[in-house]
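**Q** Could you work out the structure for the sequence below:
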Amino acid sequence: MPRTNFDELLEAGVHFGHLKRKWNPAMAPYIFMERNGIHIIDLHKTIVKIDESANALKQIAKSGRKILFVATKKQAKDIVAEQVSAINMPYVTERWPGGMLTNFPTIRKSVKKMSIIDKMEQDGTFVNLAKRERLQIMRQRTKLEKNFGSIADLTRLPAAVFVVDVMKEYIAVREAKRLNIPVFAIVDTNSDPRTVDFAVPANDDASKSISLLIGIMVKAIQEGLDERKVEKEKDAPAKDRKPTEKKDRPEPRRARARRATPEGSSASEEEPGDRDKKPARPRRKTYTKPQSEVKSKGEPEEKAEKTEGEKPATEAGENKEVKE
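**A** Have a look, this model is predicted:
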C-alpha cells in the first residue's frame, strides 16, 4: 500500500519545479511537462520513490541505528526540528559544521564541553569564578547548544543522512559519500539526482511540500522503532527460559548411555566401578567345609562362602575342626 496518494501530493504543491532555464538535464526522467516556463514533476514517479525511501529508512531504524536529518533552509528549519525531535533522531538545522562526519571525534569533543559546563553548574564551581568568567562560559555554552545541541545523543557516525536540498547541503552530501553513508534527499529540477542514493523528486522550496515528505519519512522511521520494540519484548521471555533448559540436559545423556549398552547386559555390568573389582574368592578353588559338617554344627549355609576380605583356611586348621 502506498504511503501517500496523487491528490495529497498535488494539494501540497510537490509537483512544482524550478524555471526551465535552471533545470538539470539529469532530472529529465522525472519531469512530466513544462508550463509557463516552469517544469512540472511527474508525481507518479515521486510516489514510487517515496515508498522506496520510506521502506529503506524503516529497515535502518528497525536495526537500531541513527538517521541524521540535515535542513538549514529557512523554510525547513522549524519543520524538521519539530517532527524529527519527536522520534529522538539527530538533526542539523543551523550552519553545517565542516567535517562533522569526516572529523567526527573533534565534533564529539565540542559536544562534551557542554556536559562539562553543566557539571560545573551542578557542582557549584561557578560560585568560585568571577562574574566575567561565568558570562564567558555561559555564552560558549549557548553557542554550543545552538550548533550541536541536536546531535548530543549521536555517539557514533549515523547509518544514513536525509537532506532536504542537495544544492544547499552539498558539503554534507560529499562527506557522507566519502564515508560510504547512504544519502536520502528531496531533489528538485535544478539538482543532480545521481549524487545521492535515494532521490525523491519533489519541490524542496515550499513549506507544505517539505512538511508532507518529512512527515512520511518520520512515520516510516517510527514504524521501524515500534517493530524493534515488539521484537525485543518477544525475545525477553525466550532468554528467561534458557537457564531452565540447561538443568534438564543431564537426563538425555543418561538415556544415551543406557541405549549404548548391548542387548542382554544390565546397566550394572557396564559401570566402570564393577570392571575394576576382583572376582570373589569363593569362585576360585579354595578349601571349604563339606555341607554335611556345616549342617551338623548348626552353622548357617550363608557362611559357607567366604567374603572378599577373609583369608583361605589352611589344611591344618581344617583337620583340627574335623577332629573336634
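**Q** residues in contact with the host helix or strand of Lys112?
**A** Counting by DSSP states H and E, the element that carries Lys112 is helix 104-123. Around helix 104-123, the neighbours that count as contacts under C-beta atoms under 8 Å, 6 or more residues apart in numbering are 97, 99-100, 126, 137-138, 140-141, 144-145, 147-149, 151-152, 155-157. C-beta coordinates here come from the backbone N, C-alpha and C atoms, glycine included.
**Q** Show me how far it is from its chain's centre.
**A** 27 Å (C-alpha atoms, centre = their mean, to the nearest Å).
**Q** are any of the contacts of helix 104-123 buried, and which?
**A** Buried by 16 or more other C-beta atoms under 10 Å: 97, 100, 137, 141, 144, 147-148, 151, 157, out of the contacts of helix 104-123.
**Q** Dump the C-alpha coordinates for the helix holding Lys112 into PDB.
**A** Output of helix 104-123 as PDB, limited to C-alpha atoms (Å, rounded to 0.1, in the frame of the first residue of the first chain):
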ATOM      1  CA  PHE A 104      33.600  13.300  13.900                       C
ATOM      2  CA  PRO A 105      35.900  12.800  17.000                       C
ATOM      3  CA  THR A 106      36.600  16.600  17.100                       C
ATOM      4  CA  ILE A 107      32.900  17.300  16.900                       C
ATOM      5  CA  ARG A 108      32.300  15.000  19.900                       C
ATOM      6  CA  LYS A 109      34.900  17.000  21.900                       C
ATOM      7  CA  SER A 110      32.700  20.100  21.400                       C
ATOM      8  CA  VAL A 111      29.700  18.200  22.500                       C
ATOM      9  CA  LYS A 112      31.500  17.000  25.700                       C
ATOM     10  CA  LYS A 113      32.200  20.600  26.500                       C
ATOM     11  CA  MET A 114      28.500  21.200  27.100                       C
ATOM     12  CA  SER A 115      28.300  18.300  29.600                       C
ATOM     13  CA  ILE A 116      31.400  19.700  31.400                       C
ATOM     14  CA  ILE A 117      29.800  23.100  31.800                       C
ATOM     15  CA  ASP A 118      26.600  21.500  33.100                       C
ATOM     16  CA  LYS A 119      28.600  19.700  35.700                       C
ATOM     17  CA  MET A 120      30.300  22.900  36.800                       C
ATOM     18  CA  GLU A 121      26.900  24.400  37.400                       C
ATOM     19  CA  GLN A 122      25.700  21.500  39.500                       C
ATOM     20  CA  ASP A 123      29.000  21.200  41.500                       C
END
